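Asks: predicted structure and sequence below. I'll ask about it afterward.
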Amino acid sequence: MILITRPFKKSKLLVKRLDKQVCHIDPILSFVMRKKKINFNQYTDFIIASSEAVSTLQKHYKDKINLLRRCNFYVIGSETGKSLKKLNFSKIKVIVNNSEQLIPHLRNLKKKNNKKCFICYLSGNIENTKFIKEIDRLRINYQREILYSVKSKKKLSNRTIRYLNEGRIKAVLLYSPFTARKYLELIDNVRLKKRVFNIKHICLSRNVAAVLRQGGYKNVYSPQTVPTGAVFIRLIKT
């Protein structure tokens, strides 16, 4: 059995892609969309970092969608890019797999339009500190607009705890460093580290895997190539 820790809707989509694999869903995170007054007109370009940010725009800023379609977007994540394209956003300058890959594009943008450039960074409340430091280092003129909040689970479900105690869960899927840290915290809270220590932990990227390894876990796997959804699916099935 595979334990999937993603939010419920995304977990259900993943279950379909995993065909006949037996899965158990216990979301560690949920998302609370916000609506606040944002002056989108002041920005020249946009960075968008998640499909949750796209969903918030679609739900709470419908009256601004036509305006935003005329703006340049720098996109982090293939899933985010697909979500924007479904809303008929065509001025997507680049879609990268992670924030690190976006830095060269932002550097080039600054060189071309240094004085005119004012970037809006659309994200959630969990700060990508490494990315923020890189943007600050480049002295890029930007403003971060928080569109949603991430709410973490306080405890694992009783069913998850029972499955872990019974040894029925053979693999755990983890999608972000934040989720990985919360997962380890929840495991420690119910004193199950010894039980799950040798379970296969499959992580979306090396950054996620690093959190597990820092916690002393050994049976940890992550894609060796660029972490995409398709690569991750193949890793799960091997």
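Replies: Looks like it arrived, so ask away. Just so you know, these numbers come straight off a predicted model, no measurement behind them.
Asks: use CA for all of it now, contacts and neighbours both
Replies: Noted.
Asks: do a quick rundown of the strands in the chain.
Replies: Along the chain, the segments classed as strands by DSSP state E run 2-4, 23-25, 29-33, 45-48, 72-76, 92-96, 119-124, 142-152, 171-174, 200-203, 220-221.
Asks: right, and these - which one's nearest Arg17?
Replies: Nearest of the strands of the chain to Arg17, taken as CA to CA: strand 23-25 at 11.3 Å.
Asks: packing partners of that closest one?
Replies: Applying 3 or more CA pairs under 8 Å, 6 or more residues apart in numbering; DSSP states H and E, one finds that strand 23-25 contacts strand 2-4, helix 8-17.
Asks: so which of the ones you listed is nearest Asn158?
Replies: Of all the helices and strands packed on strand 23-25, strand 2-4 sits nearest to Asn158, with 13.4 Å by CA to CA.
Asks: that closest one: how far from the chain's middle?
Replies: Centroid separation for strand 2-4 versus its chain: 17 Å, with CA atoms, centre = their mean, to the nearest Å.
Asks: again with stretch 13-28
Replies: Put simply, stretch 13-28 sits 17 Å off its chain's centre (CA atoms, centre = their mean).
Asks: how about that stretch: buried residues?
Replies: Neighbour-count burial for stretch 13-28 flags 14-15, 23-28 (criterion: 16 or more other CA atoms under 10 Å).
Asks: pLDDT on it, on average?
Replies: What stretch 13-28 shows for mean pLDDT is 86.
Asks: put the alpha carbons of it into PDB.
Replies: The C-alpha coordinates for stretch 13-28 follow below in PDB (Å, rounded to 0.1, in the frame of the first residue of the first chain):
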ATOM      1  CA  LEU A  13      -5.800  12.300  -9.600                       C
ATOM      2  CA  LEU A  14      -2.600  10.600  -8.700                       C
ATOM      3  CA  VAL A  15      -4.400   7.400  -7.700                       C
ATOM      4  CA  LYS A  16      -5.900   7.200 -11.200                       C
ATOM      5  CA  ARG A  17      -2.400   7.500 -12.800                       C
ATOM      6  CA  LEU A  18      -1.100   4.700 -10.600                       C
ATOM      7  CA  ASP A  19      -3.400   2.200 -12.100                       C
ATOM      8  CA  LYS A  20      -3.800  -0.900 -10.000                       C
ATOM      9  CA  GLN A  21      -1.600   0.300  -7.100                       C
ATOM     10  CA  VAL A  22      -3.300   0.100  -3.700                       C
ATOM     11  CA  CYS A  23      -3.200   3.600  -2.200                       C
ATOM     12  CA  HIS A  24      -4.200   5.300   1.000                       C
ATOM     13  CA  ILE A  25      -4.700   9.100   1.100                       C
ATOM     14  CA  ASP A  26      -4.000  11.200   4.200                       C
ATOM     15  CA  PRO A  27      -3.400  14.800   3.200                       C
ATOM     16  CA  ILE A  28      -0.800  16.500   5.400                       C
END
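Asks: alright, that wraps it up for me.
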